[in-house]
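Asks: one predicted model, sequence on top.
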Amino acid sequence: MPSRVIWKIQNREILFDRTLIMGVINLTPDSFSDGGLYYNSDDAVAQALQCTEQGADILDFGAESTRPGARPVSAEEELRRILPVLTRLKNLAAIPVSIDTTKPEVARRCLAEGADIINDVSGLKDSGPAMAQAVREYRAGLILMHRRGDPETMQSLAAYHDVTAETIDELLGSVNIALDHGLGLEQLAVDPGVGFAKTAEHSLRIVQELEKFHGFQRPVILGPSRKSFIGAVTGREVGNREFGTAAVVAAAVAKGVHIVRVHNVAAMRDVVRMAEALKENQHVRSL
């Protein structure tokens, strides 16, 4: 069972009696894993509903690729990709919806249209007070991820003496920005950002030391799905990293992570359930 924290998201309170699954849906033509698959809003909505049926607890939509080397898009383009999906989904899906963006204007518009969570991969370092203000006004949840630089520069900044300690210290800076601009600690969650401004060795070390992130006393989120560090270990290309992802997800459950952010919800739900059963001796059904 993950450590006992409560995440307040608008009118919801999430108490983690198990590891939750966040289903990733990229509304982009160029994301590293599923870019182009859900660029059409009909396909995106269908995938979102399928993820819900397969056991996703949260849906996470991104309309700008954050892979290494990705070029930025305008706020107008992000909104053009997101809003048709969000507008249709808000009456169809009963689970929280997260928007992966670093643009305050995108966050504000999506929150007005019914989104519940903002997933800021810059940890407020790029988005700043305007993002914090939008989240505060809508009493939304905020995921603070660790990243140095931006998609074009981040891998050149992957130099650490102690990657876990420095990631925690820099995430603490993000938490303090949020608190300084009026957000409640109960609104925040943290993500160490494996694969972002980190080499494969750095990402592996973060996973090995995930328990140290519980010091924030906030939900800890891990997004390992199909990442390059899995390819570095297995030698597999992006489309063949599901088993490697499963191994990292199982390790994350064992380390008490609160939410895993994945593409293949159905498969990773089974991984989470099995890992929890082994850890807690729970969830065993009679055959």
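Replies: Yep, that arrived. Numbering: from 1, shown residues only.
Asks: mind listing what's buried in stretch 117-129?
Replies: For stretch 117-129, a neighbour-count test (16 or more other Cβ atoms under 10 Å) marks 117-125, 127 as buried. (C-beta placed from N, C-alpha, C; glycine too.)
Asks: count the residues that sit near K212.
Replies: If you count neighbours by other Cβ atoms under 10 Å, K212 ends up with 16.
Asks: name the SS class of D60, please.
Replies: strand (DSSP: H, G, I helix; E, B strand; the rest coil).
Asks: now it: how far from D169?
Replies: As judged by Cβ to Cβ, to the nearest Å, D60 and D169 stand 26 Å apart.
Asks: the more surrounded of those two?
Replies: Per other Cβ under 10 Å, whichever of D60 and D169 has more neighbours is D60, with 25 against 11.
Asks: the more buried one and M22 touch, don't they?
Replies: Yes: using Cβ atoms under 8 Å, D60 makes contact with M22 at a distance of 5.1 Å.
Asks: give me the common contacts of those two.
Replies: Here D60 and M22 have 98, 261 as joint contacts, going by Cβ atoms under 8 Å, 6 or more residues apart in numbering.
Asks: per-residue confidence averaged over the helix ranked longest in the chain?
Replies: Secondary structure of the chain per DSSP state H: the longest helix is helix 163-180. Mean per-residue pLDDT for helix 163-180: 98.
Asks: which neighbouring elements make contact with the helix or strand just after it?
Replies: As assigned by DSSP states H and E, the chain's next helix or strand after helix 163-180 is strand 188-191. With contacts taken as 3 or more Cβ pairs under 8 Å, 6 or more residues apart in numbering; DSSP states H and E, strand 188-191 sits against strand 141-145, helix 163-180, strand 221-222.
Asks: from D57, how far out is L111?
Replies: In terms of Cβ to Cβ, L111 sits 19 Å off from D57.
Asks: those helices in this protein, which residues are they?
Replies: Using DSSP H, helices in the chain cover 41-54, 75-89, 104-112, 128-138, 163-180, 200-208, 228-234, 242-254, 265-280.
Asks: between the first one and helix 75-89, how big is the angle?
Replies: Counting by axes from the mean of the first three to the mean of the last three Cα atoms, to 10 degrees, helix 41-54 points 50 degrees away from the direction of helix 75-89.
Asks: the longest one now?
Replies: Calculated by the same axes, to 10 degrees, helix 163-180 forms an angle of 80 degrees with helix 75-89.
Asks: check which residues of helix 163-180 are buried.
Replies: Applying 16+ other Cβ under 10 Å to helix 163-180 flags 163-164, 167-168, 170-171, 174-175, 177-178 as buried.
Asks: T52 reaches I58, doesn't it?
Replies: No: contact between T52 and I58 fails when scored by Cβ under 8 Å: they sit 9.9 Å apart.
Asks: and D100, what does it touch?
Replies: 60-64, 66, 119, 121.
Asks: pipe those into JSON lines and attach distance to E209 and pLDDT per row.
Replies: Formatted as JSON lines, the contacts of D100 follow (distance: Cβ to Cβ, whole Å; pLDDT from 0 to 100):
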{"residue": "D60", "distance to E209": "24", "pLDDT": "96"}
{"residue": "F61", "distance to E209": "30", "pLDDT": "94"}
{"residue": "G62", "distance to E209": "27", "pLDDT": "90"}
{"residue": "A63", "distance to E209": "32", "pLDDT": "88"}
{"residue": "E64", "distance to E209": "30", "pLDDT": "88"}
{"residue": "T66", "distance to E209": "23", "pLDDT": "75"}
{"residue": "N119", "distance to E209": "22", "pLDDT": "98"}
{"residue": "V121", "distance to E209": "21", "pLDDT": "95"}
